[in-house]
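A.B. asks: From the sequence below, what's the structure:
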Amino acid sequence: MSSTGTIKRSRKRRAGESAYGLLLLTRNVVTALLALFVLVAGVWYSWATAKPAMFTKNLERGTVTVAACDDDWCTGAFAPVDGSGRARAKVRIDKAVTDGRGERLSVALKPGSNEAVRTGWTGILHAWVPFAGSLLLASLMVAGGLRLRRTAWALGLTGAALLAASFATLTF
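C.D. replies: Sure thing, here's the model as predicted:
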């Protein structure tokens, strides 16, 4: 009769295995925290524009007629609707949400500033573009660092869909 007992490993080998396991755990925790940080930063940056684009109830709403554009911004006159504010001769709006001179856009003004944010689906989707980029970046970290391929595909495809939807609403 043969005995099938366990072979005892040395303390040195068990300590080495524990250190390697701790190193793997540390790598996974750091990668997960970094991916989470990128996602939170994307939401934080997007929220400054998304909030006035989505929740326009207590904001000055109206239309902007684009008069001039430079590299990043366009300016134009703001005309309020429904008595929700006062007319302004010059407000600025992100150049990415307009086709240029002469276009009339539905906007809401950010509180305490002369910066207009486009409202409606176009403005909302454009406001979340930084978050879409953070989804794409986080998907690479999740796939490479955490080896969670399905989760990474879900993050990446969600980010790509958000970018595509924003592009489609701005161009058509």
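
A.B. asks: Tell me which residues of the helix or strand hosting Thr63 come out buried.
C.D. replies: In this assignment (DSSP states H and E), Thr63 forms part of strand 61-69. Of all the residues in strand 61-69, those buried under the rule 16 or more other C-beta atoms under 10 Å are 61-64, 66, 69. All C-beta spots, glycine's among them, are computed from the backbone N, C-alpha and C.

A.B. asks: Scan the helices and strands of the chain for the one with the lowest mean pLDDT.
C.D. replies: Every helix and strand in the chain was compared by mean pLDDT, DSSP states H and E; the lowest is helix 11-54, with a mean of 92.

A.B. asks: Within its sheet, name the partner strands of the strand holding Thr63 and how each one runs.
C.D. replies: strand 73-80 (antiparallel), strand 104-109 (antiparallel) (DSSP bridges).

A.B. asks: pLDDT of it, averaged?
C.D. replies: Averaging pLDDT along strand 61-69 gives 95.

A.B. asks: which ones are touching the most centrally placed residue in the chain?
C.D. replies: With distances taken as C-alpha atoms, centre = their mean, the residue of the chain nearest its centroid is Phe131 (0.8 Å). Each residue near Phe131 by C-beta atoms under 8 Å, 6 or more residues apart in numbering is listed here: 39, 42-43, 45-46, 159, 162.

A.B. asks: Please identify the helix or strand for it.
C.D. replies: In the assignment (DSSP H and E), Phe131 maps to helix 129-145.

A.B. asks: What are the buried residues along the helix or strand just after that helix?
C.D. replies: Next in sequence after helix 129-145, counting helices and strands by DSSP H and E, comes helix 149-171. Within helix 149-171, the residues that qualify as buried are 152, 155-156, 159, 162-163, 165-166, 169-170, counting by 16+ other C-beta under 10 Å.

A.B. asks: Next: stretch 122-142.
C.D. replies: Within stretch 122-142, the residues that qualify as buried are 122-139, 141-142, counting by 16+ other C-beta under 10 Å.
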